[in-house]
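In: fold the stuff below for me.
(one chain, ligands or ions: 1)
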Amino acid sequence: MQEAAKIEAAWERKYPEQVVLAITKNSEERVNLMAIGWVCIASDEPPMFLIGIDDNAYTLELIRLHKEFVIAYPSVEMADATLYVGTTHGHKEDKGVRCGLKFIPADKVNVPILADAVANFECRLVEITRPGNCPLIVGEIVASHVNADESVKRLFTLGKGYKLGKID
Ligand SMILES: Cc1cc2nc3c(=O)[nH]c(=O)nc-3n(C[C@H](O)[C@H](O)[C@H](O)COP(=O)(O)O)c2cc1C
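Out: Down below sits the predicted model:
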């Protein structure tokens, strides 16, 4: 049986929700990361990701400027780092250093990938569109990487208030 509900209340039933990290670099080569739940595969030929990023995120500014970014699937062990980069802005703060995560060079973009992530996707900007109030960024995946250890588990958002953890 279904009963009518407010959209916000129905959306609260969406969990667990995937979370990814969007990695960018500024003109001084400083690495920035943010957490993103609004993400999906937008095309498989060519392969593309779509992410929704708030207007006031530093990440959006850097993607507009350099037209490239990395999407990483964080591991369960990255819960604290994900919460940190997802609750602080990178305009002044060096989140790349302070998050404690290990970076290695990417193959095709000038943004590093995460050494211990479950998977990394190097992306080049295709377009930014705005069907509602949120800018939607479409990026073509130009290279991808997976963790050689298949037992490394992906992090998810389990509930409201950025409750992060693993799903079995
Ligand atoms: C689990 C989680 C999911 C999030 N999902 C989104 C999202 O989909 N879109 C968004 O704009 N912000 C999202 N945020 C908030 C951003 O990560 C946050 O605003 C961040 O501080 C932006 O960083 P920046 O200004 O350095 O780019 C999320 C945060 C967390 C912790």
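
In: next, the residue of the chain found nearest the ligand: phi, psi?
Out: Residue of the chain nearest the ligand, by CB to the nearest ligand atom: G86 (2.5 Å). Quick note: C-beta positions are derived from backbone N, CA and C, even for glycine. Here is the backbone geometry of G86 (degrees, to the nearest 10): phi -90, psi 0.

In: L50: which element?
Out: strand 47-52 (DSSP states H and E).

In: surely the residue of the chain closest to the ligand and T157 touch.
Out: No: using CB atoms under 8 Å, G86 is not in contact with T157, being 9.4 Å away.

In: anything in contact with each of those two?
Out: Residues touching both G86 and T157 (CB atoms under 8 Å, 6 or more residues apart in numbering) are V19.

In: average pLDDT for the strand holding L50?
Out: Strand 47-52 shows a mean pLDDT of 98.

In: any chance you could list what contacts it?
Out: By CB under 8 Å, 6+ apart, strand 47-52 touches 20, 22, 36, 38-42, 71, 121, 123, 126, 134-141.

In: could you pick out the residues of the chain near the ligand for me?
Out: 19, 32, 34-38, 52-54, 57-59, 83, 86-90, 157, 162 (CB under 6 Å from any ligand atom).

In: pLDDT value on the residue positioned nearest the centre of the chain, please?
Out: With distances taken as CA atoms, centre = their mean, L21 lies nearest the centre of the chain, 2.8 Å away. Note for L21: predicted pLDDT of 99.

In: before we move on, what about the one 3 residues further on?
Out: In this model, T24 is scored at 98, pLDDT.

In: report the angle between the helix or strand hosting it and strand 47-52.
Out: Per DSSP H and E: T24 is located in strand 20-25. Counting by axes from the mean of the first three to the mean of the last three CA atoms, to 10 degrees, strand 20-25 points 90 degrees away from the direction of strand 47-52.

In: roughly how far is strand 20-25 from the heart of the chain?
Out: Taking the mean of its C-alpha atoms, strand 20-25 sits 6 Å from the chain's own mean (CA atoms, centre = their mean, to the nearest Å).

In: neighbouring strands - and their directions - for it?
Out: Strands adjacent to strand 20-25 in the sheet, as given by DSSP bridges, are strand 31-36 (antiparallel), strand 68-73 (antiparallel).
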